[in-house]
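Peer 1: I need the structure of the sequence given here:
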Amino acid sequence: MANTKWVLEPSHSELQFKIRHLMIANVTGNFKKFEGTVETDGDNLETAKINFSADVDSITTHNEQRDGHLKSPDFFDVASHPSINFESTSFTKEDEENYKLHGNLTMHGVTLPVSLNVEYGGTIKDPWGNIRSGFTVEGKINRKDFGLSWNAPTEAGGLMVGEDVKVHASMEFVKA
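Peer 2: I've put the predicted structure just below:
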């Protein structure tokens, strides 16, 4: 069967994360620059080979001081580790709308296996004749596993930043 290539449509996609601040509220951030491709055997999604990368320097939490700190050696160390990369190892259908995505995530120079939940939104032909597919991806990783261990104690004995990071991505792909 012929390979089908799909390319991420960044203007209709987003990559977000949430992390606890002072252990009482979530801070939301996102990456403004990212790209991805999917290759399938024909239109069979279960054969998908997914590659994705995010430009760490494009991180924003809508607070310049915090964004600068996130780019520093305390966290992502953009100068040494400019991108976050993901390469799938399997994409398994659970039911008509839900899949489990397994792969290797490389962040801050550390590569670890991760599992993500994927909701398939469907495939359509747009008004311009392009074939598009939509997906929502969700999961959770522990930032310390990737060497992002900076933290500070609070007066109340808690920590400034949580360890678990919730990942959320809404992605639209166009058949090449």
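Peer 1: where does the chain dip in pLDDT?
Peer 2: Filtered on pLDDT under 70, the chain yields the residue ranges 1, 22, 24, 150-160.
Peer 1: I'd say N142 and G162 touch.
Peer 2: No - using CB atoms under 8 Å, N142 is not in contact with G162, being 9.5 Å away. The way it works is simple: take the backbone N, C-alpha and C, and place the C-beta from them, glycine included.
Peer 1: So for those two, which sits in the more crowded spot?
Peer 2: Set N142 next to G162 and count neighbours by other CB atoms under 10 Å: G162 wins out with 19 against 12.
Peer 1: Can you pull out the residues in contact with whichever helix or strand that one is part of?
Peer 2: In this assignment (DSSP states H and E), G162 forms part of strand 161-175. Strand 161-175 is contacted from outside by 4-9, 12-21, 23, 26, 36, 38, 116, 130-144, 150-152, using CB atoms under 8 Å, 6 or more residues apart in numbering.
Peer 1: Show me which of the residues you listed are buried.
Peer 2: Applying 16 or more other CB atoms under 10 Å to those, the neighbour count classes 4, 6, 8-9, 13, 15, 17-20, 36, 38, 116, 132-135, 137, 139, 141, 143 as buried.
Peer 1: taking these one by one, which sit in strands?
Peer 2: 4, 6, 8, 15, 17-20, 36, 38, 116, 132-135, 137, 139, 141 (DSSP state E).
Peer 1: which stretches of the protein form helices?
Peer 2: 64-71 (DSSP state H).
Peer 1: Could you tell me how far V167 is located from K140?
Peer 2: Relative to K140, V167 is positioned 7 Å away (CB to CB, to the nearest Å).
Peer 1: Could you do G147 as well?
Peer 2: G147 is 17 Å from K140, where distance means CB to CB.
Peer 1: Could you do W6 as well?
Peer 2: Counting by CB to CB, the gap from W6 to K140 is 26 Å.
Peer 1: got it, and F173?
Peer 2: Going from F173 to K140 by CB to CB gives 23 Å.
Peer 1: repeat for P82
Peer 2: P82 is 24 Å from K140, where distance means CB to CB.
Peer 1: what do you get for A48?
Peer 2: A48 is 22 Å from K140, by CB to CB.
Peer 1: residues contacting the nearest residue to H21 once chain neighbours are set aside?
Peer 2: Nearest residue to H21 in three dimensions, chain neighbours excluded: V27, at 4.6 Å (CB to CB, 6 or more residues apart in numbering). Applying CB under 8 Å, 6+ apart to V27 gives the contacts K18, I19, R20, H21, T61, R66.
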